[in-house]
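J.: Sequence isn't available, so here's the structure alone:
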Ligand SMILES: Nc1ncnc2c1ncn2[C@@H]1O[C@H](COP(=O)(O)OP(=O)(O)OP(=O)(O)O)[C@@H](O)[C@H]1O
C-alpha cells in the first residue's frame with residue numbers, strides 16, 4: 001500500500017454544487033507528491049471548481065487531505081506556506097507595485113506586522129527573475145499588459161516557495177516564448193521536489209506533465225501517466241475525438257482532427 005505522505009493531495013468523495021447544480025460529483029482523486037499533474041477537460045467540466053476545492057476554497061461533501069492531513073486540521077499559515085495557489089483571472093490592487101505584489105506571496109512566512117526578512121526579499125527577487133518580471137519591479141500592476149500581469153501573479157505564487165503549487169490556467173495571455181519559460185520553470189520546481197497541479201487548456205502543454213487527470217461532467221474520466229497510451233486515448237475521447245494526439249520529435253502534441261471535408 002502506498003503511504004499517505006506519497007500523496008500531496010487527496011480528495012475523497014468530493015461533491016460541490018453551484019447555483020443549485022452539481023458540479024463535482026462524488027469525486028475521488030490522488031495527486032502524487034513531487035510530480036506534475038495536469039487537469040484537462042471540456043469547458044464546464046469542473047476543473048476550476050476542483051482546483052479551488054483542493055486549495056481549501058470550499059466543497060459541500062467529502063474531504064481533502066494535504067500531505068495526508070485533512071485541510072481543516074491545518075493551521076492557516078502553515079497551510080498557506082505549504083500550498084500556493086494561482087487562480088483563474090486572479091488579480092491584485094492595480095496601484096500596488098510589482099515588487100509588493102510578489103511580496104504578498106511571503107505573507108505566510110512573516111510574523112504579524114513583521115518586516116520582510118532578507119530571505120523574503122531573496123525569494124521575491126528569485127520569483128520575479130524566474131518570470132522575467134524583475135525589470136518592472138517598480139511599476140504598478142495597473143500599468144502592465146495582460147500577459148505581463150499574469151507573470152507577476154505567477155511570481156507571487158512562486159515566491160511562497162510552497163511544496164504544493166496549484167495553478168489554474170497559468171498560461172492565459174502568455175505569449176509562446178513565455179509559455180516555454182513557464183514550462184521550464186515547472187520542470188525545475190518538480191526536479192526540486194515540488195508538487196505541481198495545473199489546469200490547462202493548452203493540451204500540448206498539459207501533455208508535458210507526468211500525469212494527467214481527465215475530467216468530464218464533474219467526474220474523473222481517467223487518471224494516468226501521459227506516457228500511457230490509455231491516457232492519450234481518454235484525452236481524445238473526452239474532446240469527442242475532435243483532437244488527435246501525435247508524437248512529434250519525441251513530444252506528444254494535440255492537433256485538431258480535421259473532417260475529410262475541411263481537410
Ligand atoms: N458561481 C457559480 N454559480 C453557478 N454555477 C457556476 C458558478 N461557477 C461555476 N459554475 C458552473 O459550474 C460548472 C463548472 O465550472 P468550472 O469553472 O469549474 O469549469 P471548468 O472546467 O473550469 O471550465 P472552463 O474550462 O470553461 O474554465 C460550469 O457549468 C459553470 O457554469
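T.: Everything's here; your move. The structure presented is a predicted model; accordingly, all values stated were derived computationally and were not measured. Residues are numbered from 1 along each chain as shown.
J.: May I ask you to confirm that residue 241 is in contact with residue 257?
T.: Yes - taking C-beta atoms under 8 Å as the definition, residue 241 is a contact partner of residue 257 at 6.2 Å. C-beta: built from backbone N, CA, C; applies to glycine.
J.: between those two, who's got more neighbours?
T.: residue 257 (14 against 10; other C-beta atoms under 10 Å).
J.: For the more buried one, which non-adjacent residue is closest in space?
T.: residue 244 (4.6 Å; C-beta to C-beta, 6 or more residues apart in numbering).
J.: so what's the one you found bridging to?
T.: residue 255 (DSSP bridges).
J.: Those residues of the chain touching the ligand, which are they?
T.: Within the chain, the positions near the ligand by C-beta under 6 Å from any ligand atom are 18-19, 23, 41, 43-49.
J.: now with 8 Å?
T.: 18-21, 23, 41-52, 88, 168-169, 199, 201, 215, 218 (C-beta under 8 Å from any ligand atom).
J.: mind listing which of the residues you listed are in strands?
T.: If you go by DSSP state E, the residues of the chain next to the ligand have 18, 21, 23, 168, 199, 215 in strands.
J.: And those residues, which of them are buried?
T.: 23, 168, 199, 215 (16 or more other C-beta atoms under 10 Å).
J.: Including pLDDT, could those go into TSV?
T.: Below are those laid out as TSV (pLDDT from 0 to 100):
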residue	pLDDT
23	96
168	96
199	97
215	97
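J.: any chance you could map the strands in the stretch 51-200 of the chain?
T.: Using DSSP state E, counting those that start in this stretch, the strands found in the stretch 51-200 of the chain span residues 61-66, 69-70, 83-86, 164-168, 195-199.
J.: Put together CSV for these, with distance to residue 176 on each row.
T.: Converted to CSV, these look like this (distance: least, C-beta to C-beta, whole Å):
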stretch, distance to residue 176
strand 61-66, 34
strand 69-70, 40
strand 83-86, 19
strand 164-168, 18
strand 195-199, 17
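J.: Which single residue in the chain comes nearest to the ligand?
T.: The ligand sits closest to residue 19 of the chain, with a gap of 2.9 Å, by C-beta to the nearest ligand atom.
J.: per-residue confidence at that residue?
T.: In this model, residue 19 is scored at 93, pLDDT.
J.: for residue 114, same thing?
T.: For residue 114, the model assigns a pLDDT of 82.
J.: Quick one: neighbours of it, just the number.
T.: Using other C-beta under 10 Å, residue 114 is surrounded by 10 other residues.
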